[in-house]
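Peer 1: Could you work out the structure for the sequence below:
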Amino acid sequence: MNILIVEDEPRAANQLQNMLKSSNIEYHLLDIIDTIEDSVKWFKQHNAPDLVFMDIQLADGLSFEIFQKVAIDMPIIFTTAFDQYAIQAFKVNSIDYLLKPIQQEELENAMHKFFKSNKSSSIDSTVLEKLMNTMQVTNKREGILVKEGSSFVQIKVVDLLYVYSEESITFGVTMGKRYIIDETMDQLFESLDTRQFFRINRGQIVSKMSIEKIDPYFNHRIKLSILKSKNQEFVVSRQKTSGFKEWLNK
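Peer 2: Have a look, this model is predicted:
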């Protein structure tokens with residue numbers, strides 16, 4: 001069985017592979033793709049896999065955008081960290097999904113359903129529009145609980161200039177202060193509005209309003225000048241450069 005994984009977090013992709021192996025499922029991994037743009041290119045250039053595991057929230061937007069740019073007629077198992085309001089859309093439209101963090105039993109149940117049906121499937125355009133609208137509404141977090149001394153306070157998401165990870169600690173920076181956020185980069189980014197925030201690499205997230213200047217950088221990358229960044233360097237990874245440019249134009 002040929003499997004394709006669309007996932008922008010290497011750790012999550014590796015975890016999924018380990019779970020498949022633990023389930024004694026014989027499969028061949030065709031590729032791991034981490035952006036919308038590269039996914040579209042892959043589907044245009046290759047034969048259809050037997051099954052696709054697709055993360056909903058990619059660094060350059062919602063993976064549903066892939067379906068708007070290329071015809072996909074194959075079984076999809078989505079992975080998502082969205083809440084139950086978004087999940088309800090999947091139930092109504094009978095689309096398989098796995099809620100992150102993925103549990104071994106849930107993966108095996110999804111695979112059992114796949115083997116039982118073993119039919120190609122495509123997402124109806126009206127269903128796709130509903131899913132995208134649902135995700136956009138759900139993905140509007142307004143506040144973040146942060147540490148301030150020995151206490152916790154809430155800051156507004158709209159005040160965030162950028163987020164970065166250092167020694168496994170997540171920091172959020174506003175115009176006036178730096179805060180410790182008691183969430184991983186993965187958890188935080190899953191809840192942010194991707195129209196306003198972009199994960200430029202594994203350790204940094206920037207908001208549109210924080211970008212002062214954009215300069216070309218070596219190896220086909222982009223370097224950003226960010227408000228209140230002090231000694232921080234912000235470089236968009238090569239794999240995400242194209243998606244970043246597209247994000248800026250939205």
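Peer 1: Export only the CA atoms of stretch 36-48, formatted as CSV.
Peer 2: Taking Å, rounded to 0.1, in the frame of the first residue of the first chain, the C-alpha atoms of stretch 36-48 are listed here in CSV:
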residue,chain,number,x,y,z
ILE,A,36,0.3,23.5,0.1
GLU,A,37,2.4,24.5,-2.9
ASP,A,38,4.6,21.4,-2.8
SER,A,39,1.5,19.2,-2.4
VAL,A,40,-0.1,20.6,-5.5
LYS,A,41,3.1,20.0,-7.5
TRP,A,42,3.4,16.4,-6.1
PHE,A,43,-0.2,15.5,-7.1
LYS,A,44,0.3,16.9,-10.6
GLN,A,45,3.5,15.0,-11.2
HIS,A,46,2.8,11.6,-9.6
ASN,A,47,0.3,8.7,-9.7
ALA,A,48,-2.3,8.7,-7.0
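Peer 1: For it, the averaged confidence score.
Peer 2: Model confidence over stretch 36-48, given as mean pLDDT, is 93.
Peer 1: One more: stretch 209-217?
Peer 2: On average, the pLDDT along stretch 209-217 is 94.
Peer 1: And the pLDDT for the residue of the chain positioned farthest from its centre?
Peer 2: Within the chain, the residue lying farthest from the chain centre (CA atoms, centre = their mean) is residue 150, at 31.8 Å. At residue 150, the predicted lDDT confidence score is 85.
Peer 1: now residue 197
Peer 2: Model confidence at residue 197, given as pLDDT, is 93.
Peer 1: sorry, back to before: show me what contacts the residue farthest from the centre of the chain?
Peer 2: Neighbour list for residue 150: empty [criterion: CB atoms under 8 Å, 6 or more residues apart in numbering]. Using the backbone N, CA and C atoms, a C-beta is placed for each residue, glycine as well.
Peer 1: which residues in the protein form helices?
Peer 2: With DSSP state H as the criterion, the chain has helices at 10-22, 36-45, 64-69, 84-92, 104-117, 125-138, 185-190, 241-248.
Peer 1: Just give me the lowest mean pLDDT stretch among those.
Peer 2: Across these, the stretch with the lowest average pLDDT is helix 84-92; it has a mean of 54.
Peer 1: Domains in this structure, by residue range?
Peer 2: Following automatic domain parsing, one gets these domains for the chain: 2-138, 143-248.
Peer 1: now the end-to-end length of the last one.
Peer 2: Between the opening and closing residues of domain 143-248 we find a distance of 23 Å, counting by CA to CA, to the nearest Å.
Peer 1: Relative to the whole chain's centre, how far out is it?
Peer 2: 15 Å (CA atoms, centre = their mean, to the nearest Å).
Peer 1: mind giving me JSON lines with the helices of the chain and columns for mean neighbour count and distance to residue 53?
Peer 2: Formatted as JSON lines, those follow (neighbours: other CB atoms under 10 Å; distance: least, CB to CB, whole Å):
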{"stretch": "helix 10-22", "mean neighbour count": "15", "distance to residue 53": "6"}
{"stretch": "helix 36-45", "mean neighbour count": "18", "distance to residue 53": "12"}
{"stretch": "helix 64-69", "mean neighbour count": "18", "distance to residue 53": "13"}
{"stretch": "helix 84-92", "mean neighbour count": "14", "distance to residue 53": "14"}
{"stretch": "helix 104-117", "mean neighbour count": "14", "distance to residue 53": "9"}
{"stretch": "helix 125-138", "mean neighbour count": "15", "distance to residue 53": "17"}
{"stretch": "helix 185-190", "mean neighbour count": "19", "distance to residue 53": "16"}
{"stretch": "helix 241-248", "mean neighbour count": "18", "distance to residue 53": "20"}
